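Undergrad: What follows is a predicted protein model with its sequence.
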Amino acid sequence: LSGFIGGLRSSTAGRLDGVPVLPASAPLPPATRLWFDGALAGLYSRADTSGAALDGAAAAAHEAGSGSGAVRIARARPKVLLLWASQTGNIESLTERYATQLMESGFEIRTCCMEDCDVTALAKAQYVLLMSSTFGDGDPPDNGASFWSALQAVTAPRLDGVRYAVLAFGDTNYDQFCGHGRNLDRRMAEQGALRLLPRADCDSEFQPAADAWLERITVRIKEEDAALHDVAQEGMIPAVLPGVVPSKAHPAASRLVKNLRLNKQGAAKDTRYFSFSTAGSGLEYEVGDALGVWPSNCPELVDELLGLSGLAADTAVSVSGAGEMRLADALARHFEIARPSSEALAFIASRSRDGALGALLADERKADLKRWLWGQQLADVLHEFPVTLSAPELLGILKRLQPRLYSIASSPKAHPEEVHLTVSAVRYNNGRRQRKGVSSTFLADRAGEVSVPVFVQKSAYFRPPRNGDTPMIMVGPGTGVAPFRGFLHERLARGDTGRNWLFFGEQHAATDFYYGDELDTMRTRGLLTRLDLAFSRDQAEKIYVQDRMREHGAELWAWLEAGAHFYVCGDANRMAKDVDAALKAVVASHGGMSDERALEYVSGLARDKRYVRDVY
């Protein structure tokens, strides 16, 4: 970098008003190019060759690709710290896009994962934007836990004069909807920070609300900055972003080439191995990433909903962003028609002659409503509380269909132009009717007939150790084994020599040992140093992966002390919490520590990215 900058200093080529910028043809992502341009502008602000000092925050904005257009060097740009925390990676990718948009709006941007942010640095910040999901019962995501602990500590710094805003993400089906975002908002205010805008709470269909928040906060910061510094921050020309890579908004077309049931005959579950061809799609991934799948709804469920609504399949409707189409097609491809939203429940209650649903929606009956809704789909609610709906009213109470994320079960080094998934097809009887999951049964039953829209959701830290000699411990019961299959294939392809230990569990060894032959071969050939199994229903007393961890606690502790990385994938509500408790118990027992010291030790593993979870 020093040599590169030195070369730019000695030349006037590639400069705008004396400040060097990367050429539009540079083979770098737009966000990276913008970062370099800002860094170069900062360097030249301290030693401008013409002798005219530039502001330290100045950066050149230009039209990428043409090299022409008006250029403006902004002085004293608003300094924005964009903090994020995310369990699945959704917010991390959104942060990257928002950082680019804020830079194009004339702001000096610094992005940081909350776990990498020193809380004491907040006191020196000008504008702080916090974006976080909620994990579990109102808790922070794993990569936001240490930041939250520091922020709510009695030693947390005062934040008087700091201006902030919170964008919270959650799921309205949980009682503590956006609970962590609410906590962040409250604590920032308690420490004296000034709220720029009311907190924005986003459900699973978050994009419109989040984009609206970004627009409002951009305007608000400009207003604040103009009032404080009397500097107008307008007229910046955004960079043109050439080319389109597969993304959530622009997914790649993939083809399902393998669909194999992993359970043996007689199993209660229907778990599948899927392989997609990505040849020519431009889709690229690394082990540890997730694959986003845009499903379509079950045709039978579409027909059932139309029948209950008394509407014709050919009714013409307009769908925002998609145009005019048949109602049946809109329901199949663009709307969530299985899970009943709170808006749908409220609307049905307002139209129903039976007051029972309205009574269930009362605040004091949340527990009763939750029990009643278990396993229920929107069609079940309409069976129980029939109402008359027009097509616009029906679409108005539905949320937009969202992609589903699945941990990738393959390595691109071992399986080029392929991506593998391990998915449990959800099928159940809710006591009234047979029901099934939207995306899992789309993949299992219908994806082979159509092109499947997919994209990659990048993972920040859920990766095998970079050092091939580092030991690796993986806890992946059920479909949680998926990414670890990819990890092991990756390590084999790289020629890594580090020891590998997998804990796997399911119900029955005879029917539910996913990839059993493959894992046994890996153990025989030495790739898997240890393979510990927990089949819960094969004996009178249930045994789980956390029980196996405690059984082998002394060796597990020895691996950790030898530098092993510890990974967990699977259910967040119970398994991940039980495994976390078992890990702390092992550390306390075999490390000779108090519970407090064991907690500090495990927290240190997480800070060092040696304890990483992919939970859902």
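TA: Sure, I can see it.
Undergrad: in the stretch 401-550 of the chain, which ranges drop under the pLDDT threshold?
TA: In the prediction, the stretch 401-550 of the chain carries no residues with pLDDT under 70.
Undergrad: any chance you could map the helices in it?
TA: With DSSP state H, counting those that start in this stretch as the criterion, the stretch 401-550 of the chain has helices at 438-441, 482-494, 509-512, 516-524, 545-551.
Undergrad: Only the buried residues of the longest one, if you could.
TA: Buried residues in helix 482-494, counted by 16 or more other CB atoms under 10 Å: 482-492. Any C-beta I mention is one placed from the backbone N, CA and C, and that applies to glycine too.
Undergrad: follow-up on the earlier one: can you lay out the helices of the stretch 401-550 of the chain as JSON lines showing distance to Leu81?
TA: Listed next are those as JSON lines, based on distance: least, CB to CB, whole Å:
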{"stretch": "helix 438-441", "distance to Leu81": "36"}
{"stretch": "helix 482-494", "distance to Leu81": "31"}
{"stretch": "helix 509-512", "distance to Leu81": "47"}
{"stretch": "helix 516-524", "distance to Leu81": "45"}
{"stretch": "helix 545-551", "distance to Leu81": "38"}
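Undergrad: Need the max-distance pair from the buried residues of helix 482-494.
TA: Between any two of the buried residues of helix 482-494, the greatest separation by CB to CB is 16.5 Å, found for Ala482 and Leu492.
Undergrad: Roughly how far does the residue nearest to Ala346 when sequence neighbours are not counted sit from Gly431?
TA: Spatial nearest neighbour of Ala346, excluding adjacent residues (CB to CB, 6 or more residues apart in numbering): Leu361 at 6.5 Å. Separation of Leu361 from Gly431 (CB to CB, to the nearest Å): 21 Å.
Undergrad: Give me the more crowded residue out of these two.
TA: Ranked by neighbour count (other CB atoms under 10 Å), Leu361 and Gly431 place Leu361 first, with 17 against 9.
Undergrad: Next one: the more buried one from Thr388, what distance?
TA: 20 Å.
Undergrad: With Val450 instead?
TA: Separation of Val450 from Thr388 (CB to CB): 33 Å.
Undergrad: Let me know the pLDDT of Ala61.
TA: If you check Ala61, the pLDDT there is 30.
Undergrad: Start the count at 29 instead of 1 going forward.
TA: Sure, I'll start counting at 29 from here, so that last one is Ala89.
Undergrad: Number of residues surrounding Glu251?
TA: 12.
Undergrad: Just the element for it, please.
TA: Element membership of Glu251, judged by DSSP states H and E, is helix 235-257.
Undergrad: After that helix, which helix or strand is next? Please name it.
TA: Next helix or strand after helix 235-257 toward the C-terminus (DSSP H and E): strand 280-289.
Undergrad: Other residues contacting that following strand?
TA: 274, 298-306, 309-311, 446-447, 471-472, 475-476, 479-483 (CB atoms under 8 Å, 6 or more residues apart in numbering).
Undergrad: For Ala631, give me its contacts.
TA: For residue 631 the amino acid is Ser, not Ala. Going by CB under 8 Å, 6+ apart, Ser631 touches 173-174.
Undergrad: Reduced to three states, what does it come out as?
TA: helix (DSSP: H, G, I helix; E, B strand; the rest coil).
Undergrad: how close does it get to Met603?
TA: Distance from Ser631 to Met603, by CB to CB: 20 Å.
Undergrad: follow-up on the earlier one: among the contacts of strand 280-289, the buried ones, what's the ChimeraX command?
TA: Per 16+ other CB under 10 Å, the buried members of these correspond to this ChimeraX selection:
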select :274,298,299,300,301,302,303,304,306,309,311,446,447,471,472,475,480,481,482,483
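Undergrad: Restricted to strands, list the contacts of strand 280-289.
TA: 299-305, 446-447, 480-483 (DSSP state E).
Undergrad: Which one of those residues is nearest to Leu588?
TA: Thr299 (30.6 Å).
Undergrad: lowest confidence element among the helices and strands of this protein?
TA: strand 43-44 (a mean of 40; mean pLDDT, DSSP states H and E).
Undergrad: Check the gap between the nearest residue to Val614 once chain neighbours are set aside and Glu352 for me.
TA: Distance criterion CB to CB, 6+ apart; nearest residue to Val614, sequence neighbours excluded, is Gly581 at 4.1 Å. Note on Gly581: its distance to Glu352, by CB to CB, is 63 Å.
Undergrad: and the two? which has more neighbours close in?
TA: Neighbours were counted for Gly581 and for Glu352 using other CB under 10 Å; Gly581 has more, 19 against 9.
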